[in-house]
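**Q** Got a sequence here, can you build the structure:
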Amino acid sequence: RHDSDNDRQKSGSDVMNKFFHSVYLMENLCKGCINCIKRCPTQAIRVRNGKARITSEYCIDCGECVRICPHHAKKIRRDVIDDVLKKYEYTVALPAPTLYSQFNNLDDVNIVLTALIYMGFDDVFEVSAAAELVSAASRIYVEEHPEKWPLISTACPSVVRLIRVRFPNLIDHMLPLLPPVEIAARLALSKAQKKTGLPREKIGIVFISPCPSKVTFAKSPLGTQKSEIDSVIAIKDVYPLMLPLMKRAQGAPMDLSTSGKIGIGWGGSGGEAGGLIIDSYLAADGIENVIHVLEDMEDEKLTALRFIELNACSGGCVGGVLTVENPYIAKAKLKRLNRYLPVSVTHLDTKAGLSEMYWETPVKYEPVFNLGENIIDSIKKLKQVEALTEKFPGLDCGSCGAPSCHALAEDIVRGEASEHDCIHKLKEDIHTLSLQYKELAKEAMEADAASTDCIYMLQTYIDRITKEIALLDADTKDNNEQTKTFPLPPLQ
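**A** A predicted model of the protein is given here:
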């Protein structure tokens, strides 16, 4: 089940929040396992009281938790196609180039586009056509700004959000161009208004998305105050509906395609950089690889490059969690499809058109990971974190509900956890406490023989607690069962 507009009215205030997210948790499905906390690239998830919790400020909507959750407790907000088609008088579909990679033996993009018309859309506008315009604008910007080399691609919203919260020194290196999906939305809207004469509110611009990151962009964009995308539906939701319609469209597909190899190539990793027609570039995909590249760039190891293309999903957009095909198979399908296409179809008419593609609002650093309110407070708390981390075993096992010992230490300093959330530290402290009580009991018996019965009972109780705790070190089922059935005498 996914949310419609009505389902989301209860969180309408969140839509205007700069930390709005399309990824959310279905708490009733969460089992409290630690798969998601170990996978999240920004350590935005904790397990508390047996349930996962997502820290909004840290989340970049990459969808890794959705991909890894074995219980399907992480969900993605998006729109329902039937509701969207009924809501607007005139609808325009914006298919991502990734959509073409989901179908076997596709040799004509027009079959997919015609199927979307048959589905109920009044028109289509390819995001890949806008990608060719962004490629042309990128070539000009990269050439004219050598002082910012290497420039970082900004087509992936998750990468932009990651840099915004974690790599502030790299913000000036980001390519200040709106992503192709936003350019496509604006061009599609302009075309629809000219064609129909309808007011804005009666026209629906609908993006068919491969990932939650772009769902978030539509509701809370970066680089502009408001997106012209009205609704976002998932590729995995339209895929089964399109199969019979594509069979029907094969006989006489409409001539609707306006993009070539450069635009459609954006669907896979390396496609955007390839559209720049330069050799001095790097293309990385997969969020861990993206982080490694950004760290190297921060350390000034990549100064010889002109451009860096980064995609949070493995394989590029074809690896989005809202797709149906294996990303590497999908990438191969795009390569096959591109054999039949011209290099480029949509061209930037004049250099004046560049101004409409630039960011309208700057992307600013959000210091969400800061420990303190100022530099002095942060340094003080950082020392506390380091001291706490030294106390922990360094196993990064996740049993405490945090992804690492260091993350638990930060949570403690922020007042969100305690040392005894670490089961190893708790066990160690109980061992120490038990030994101290045994020694106290021994001293008490030697000092006052009259109270030996009571003290003996206390000592026996503590001995058995110690034995039970010792069983925590064993992994066998027999030892676990022994722990459960070990009787304790009542204290009197």
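
**Q** Now do the helices in the stretch 1-150 of the chain.
**A** 12-15, 35-39, 64-68, 81-87, 109-119, 127-144 (DSSP state H, counting those that start in this stretch).

**Q** CA-only coordinates of the fifth one in PDB, if you can.
**A** When you say that, I think you mean helix 109-119. Extracted in PDB, the C-alpha atoms of helix 109-119 (Å, rounded to 0.1, in the frame of the first residue of the first chain):
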ATOM      1  CA  VAL A 109      11.100   4.200 -27.200                       C
ATOM      2  CA  ASN A 110       7.900   5.300 -28.900                       C
ATOM      3  CA  ILE A 111       6.200   2.000 -27.900                       C
ATOM      4  CA  VAL A 112       6.700   2.900 -24.200                       C
ATOM      5  CA  LEU A 113       5.500   6.500 -24.700                       C
ATOM      6  CA  THR A 114       2.400   5.400 -26.700                       C
ATOM      7  CA  ALA A 115       1.500   3.000 -23.900                       C
ATOM      8  CA  LEU A 116       1.500   5.900 -21.500                       C
ATOM      9  CA  ILE A 117      -1.000   7.700 -23.700                       C
ATOM     10  CA  TYR A 118      -3.100   4.600 -23.800                       C
ATOM     11  CA  MET A 119      -2.900   4.500 -20.000                       C
END
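
**Q** For it, list every residue counted as buried.
**A** By neighbour count, with 16 or more other C-beta atoms under 10 Å as the criterion, the buried positions of helix 109-119 are Val109, Asn110, Ile111, Val112, Leu113, Thr114, Ala115, Leu116, Ile117. Heads up, the C-betas are built off the backbone N, CA and C, glycines and all.

**Q** now these as TSV including pLDDT?
**A** TSV is the format used below for the buried residues of helix 109-119 (pLDDT from 0 to 100):
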residue	pLDDT
Val109	96
Asn110	97
Ile111	97
Val112	98
Leu113	98
Thr114	98
Ala115	98
Leu116	98
Ile117	98
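
**Q** Pick the one among those closest to Gly197.
**A** Ile117 (20.5 Å; C-beta to C-beta).

**Q** correct me, but that closest one touches Met254?
**A** Yes. Here Ile117 reaches Met254: they are 6.7 Å apart, a contact under C-beta atoms under 8 Å.

**Q** Tell me who's in contact with Ser128.
**A** Ser128 is in contact with Ala96, Pro97, Pro180, Ser259, Gly263, Ile264, Trp266, Gly267, counting by C-beta atoms under 8 Å, 6 or more residues apart in numbering.

**Q** Can you list which of the residues you listed are found in helices?
**A** If you go by DSSP state H, these have Pro180, Gly263, Ile264 in helices.

**Q** of all those residues, which comes closest to Ser220?
**A** Pro180 (18.2 Å).

**Q** are any of the ones in helices among the contacts of Ser128 buried, and which?
**A** Pro180, Gly263, Ile264.

**Q** The last one and Thr98, how far apart?
**A** When distances are taken as C-beta to C-beta, to the nearest Å, Ile264 and Thr98 turn out to be 10 Å apart.

**Q** what do you get for the first one?
**A** Remark: distance between Pro180 and Thr98 (C-beta to C-beta) = 12 Å.

**Q** now do the second one
**A** Applying C-beta to C-beta, the value for Gly263 to Thr98 is 12 Å.

**Q** What of Leu133?
**A** 18 Å.

**Q** Among the two, which residue is more densely surrounded?
**A** Taking neighbours as other C-beta atoms under 10 Å, Leu133 and Thr98 compare with Thr98 leading, 32 against 25.

**Q** ok, the more buried one - contacts?
**A** Per C-beta under 8 Å, 6+ apart, neighbours of Thr98: Pro210, Ile235, Gly267, Cys317, Val318, Gly320, Thr323, Ala330.

**Q** Likewise for His145?
**A** By C-beta under 8 Å, 6+ apart, the neighbours of His145 are Leu151.

**Q** Relative to Val160, how far out is it?
**A** When His145 is compared with Val160 (using C-beta to C-beta), they lie 18 Å apart.

**Q** same deal with Arg186?
**A** 18 Å.

**Q** so Glu228 touches Arg186, yeah?
**A** Yes. The criterion here is C-beta under 8 Å, and Glu228 meets it with Arg186 at 5.1 Å.

**Q** Let me have the ones in helices among the contacts of Ser128 in a markdown table, extended by distance to Lys31 and pLDDT.
**A** Converted to a markdown table, those look like this (distance: C-beta to C-beta, whole Å; pLDDT from 0 to 100):
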| residue | distance to Lys31 | pLDDT |
| --- | --- | --- |
| Pro180 | 39 | 97 |
| Gly263 | 43 | 95 |
| Ile264 | 41 | 96 |
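
**Q** Closest one of the residues you listed to Val385?
**A** Scanning those for proximity to Val385, where the rule is C-beta to C-beta, the winner is Pro180, at 41.1 Å.

**Q** that's a strand at Asp255, yeah?
**A** No. Counting by DSSP: H, G, I helix; E, B strand; the rest coil, Asp255 is not found in a strand; it is coil.

**Q** I'd like to know how many residues surround it.
**A** 8.

**Q** Leaving out the residues flanking it, which one is nearest to it?
**A** Excluding the flanking residues, the one nearest Asp255 by C-beta to C-beta, 6 or more residues apart in numbering is Asn110, at 6.1 Å.

**Q** Distance of that neighbour relative to Glu428?
**A** 67 Å.

**Q** Next, count neighbours for Asp377.
**A** 12.

**Q** hmm, I was thinking of Glu439
**A** Neighbours around Glu439, by other C-beta under 10 Å: 10.

**Q** do the same with Thr303
**A** Thr303, neighbours per other C-beta under 10 Å, totals 8.

**Q** Could you check which helix or strand contains it?
**A** Under DSSP states H and E, no helix or strand contains Thr303.

**Q** quick thing: my sequence starts at 102, can you match it?
**A** Sure, I'll start numbering at 102, so the last one becomes Thr404.

**Q** how about it, what does it touch?
**A** Counted by C-beta under 8 Å, 6+ apart, Thr404 has contacts Trp250, Pro251.
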